[in-house]
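S.K.: pasted the sequence and its predicted model underneath.
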Amino acid sequence: MEAVLAIVKNLLKNPRVALITGVILGLLLGLIIGWGLWPVQWTDGTPEVLRADLQEDYLRMAAEAYARNNDPNDALRRWDDLGKAAASTYVRLQANPGKIDPAVLQNYGGLIQTMRGPIVPQPQTKAGASSSTFVLLLSAAVILILVGAGGVYLYRLLRKGPAVTTAVMQAAQASRSAERTNFEELGLAPPITQTMTTYVLGDDLYDESFSIDTAGGEFLGEYGVGISETIGVGEPKKVAALEVWLFDKNDIKTATKVLMSEHAYNDPNIRARLEPKGDLHVVKKGEQILLETATLQLLVTVVDLEYGTGALPQNSFFERITLELAVWPRAGA
């Protein structure tokens, strides 16, 4: 999971990937807001934008209203509200008047011809509907193109992998590749929890912690490892000591051991700074260190160790170190 997150973070650092991702997410968010949360609502529209059958119903009502109130101004306004669809609607009603009295319709048509001239149907373009449909289809096409292009681009990048392998990714790979100890083959009970963790030069935020729980889910404590001391200046940090700790919910004190490089262990000034943190140990490949609390014990095994090189003293900082952390209940607790 950490490796996947690291890949995603590295991809998003690429401006092109970030731009494509932002555009796609923006379009999707816009569609959700525009069509789902706050869709467009039409108000105060005219009958001109109605379906043909509803326009016919509207013209029937207009003709019947004129027959009752004999108000020519009101009748003309309703005719004008139908716009270009008025003449063709009237012609359709003449052919199929439905429930309206043909005489009422004829009377209404006579008024219109007197005031507006001959009733001649005009070609219907449905510009509004066509424009809306065109915009909708164009938007869908743009979204599909962007999503497809972005998906292909991201797929290729994921297949290639990130351009630079980060320290976190290297550490995760090292932990996966390290062989775990089979304690049962050694005649020991299986541990409550067993973890591989790796520090790699460049992981300046290295700080791992893990929960200790029974099979039934009861919380017993926590354990972990993090950077305790660095040496020299500049980036990345040169780690000269790691701090391993074990917390027991049944103990008021947290057990701590400091794993130091050879140079750090032999440097009086560094030792003086680290002694208050816990017991000091010079780290060696294959070495095992035991931490104990009231009811728990943590066995730390140095699975792999490689020192960094450069201007600093020999064996002064870690290039890579892999630790196996295994926890058991303390005998007799």
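M.R.: Structure received. Residues are numbered from 1 along each chain as shown.
S.K.: where in the stretch 101-250 of the chain is pLDDT low?
M.R.: For the stretch 101-250 of the chain, the stretches flagged by pLDDT under 70 are 123-136, 150, 153-164.
S.K.: go with 90
M.R.: Applying pLDDT under 90 to the stretch 101-250 of the chain flags residues 101-166, 186-187, 214-217, 233-235.
S.K.: where do the strands sit along it?
M.R.: With strands called from DSSP state E, counting those that start in this stretch, the stretch 101-250 of the chain shows them at 193-200, 207-213, 219-231, 238-248.
S.K.: show me what the longest one is packed against.
M.R.: By that I understand strand 219-231. strand 193-200, strand 207-213, strand 238-248, strand 255-260, helix 262-266, helix 268-274, strand 296-307, strand 318-329 (3 or more Cβ pairs under 8 Å, 6 or more residues apart in numbering; DSSP states H and E). Using the backbone N, CA and C atoms, a C-beta is placed for each residue, glycine as well.
S.K.: same check, this time on the second one
M.R.: Packed against strand 207-213, as judged by 3+ Cβ pairs under 8 Å, 6+ apart, are the following elements: strand 193-200, strand 219-231.
S.K.: could I get the ones you listed in TSV, plus columns for distance to residue 247 and mean neighbour count?
M.R.: Supplementary listing: the helices and strands packed on strand 207-213 in TSV, determined by distance: least, Cβ to Cβ, whole Å; neighbours: other Cβ atoms under 10 Å:
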stretch	distance to residue 247	mean neighbour count
strand 193-200	13	21
strand 219-231	5	19
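S.K.: and these as CSV, adding distance to residue 117?
M.R.: As requested, the helices and strands packed on strand 207-213 are exported to CSV (distance: least, Cβ to Cβ, whole Å):
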stretch, distance to residue 117
strand 193-200, 88
strand 219-231, 90
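S.K.: for residue 31, find the nearest of the helices and strands packed on strand 219-231.
M.R.: With Cβ to Cβ as the criterion, residue 31 lies closest to strand 207-213 of the helices and strands packed on strand 219-231, at 41.3 Å.
S.K.: that older thread, reformat the strands of the stretch 101-250 of the chain as a markdown table; add distance to residue 80.
M.R.: Converted to a markdown table, those look like this (distance: least, Cβ to Cβ, whole Å):
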| stretch | distance to residue 80 |
| --- | --- |
| strand 193-200 | 79 |
| strand 207-213 | 76 |
| strand 219-231 | 78 |
| strand 238-248 | 83 |
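S.K.: quick one: closest of those strands to residue 287.
M.R.: Using Cβ to Cβ, these put strand 238-248 closest to residue 287, at 12.1 Å.
S.K.: one step back: please identify which of the helices and strands packed on strand 219-231 is closest to residue 113.
M.R.: strand 207-213 (88.5 Å).
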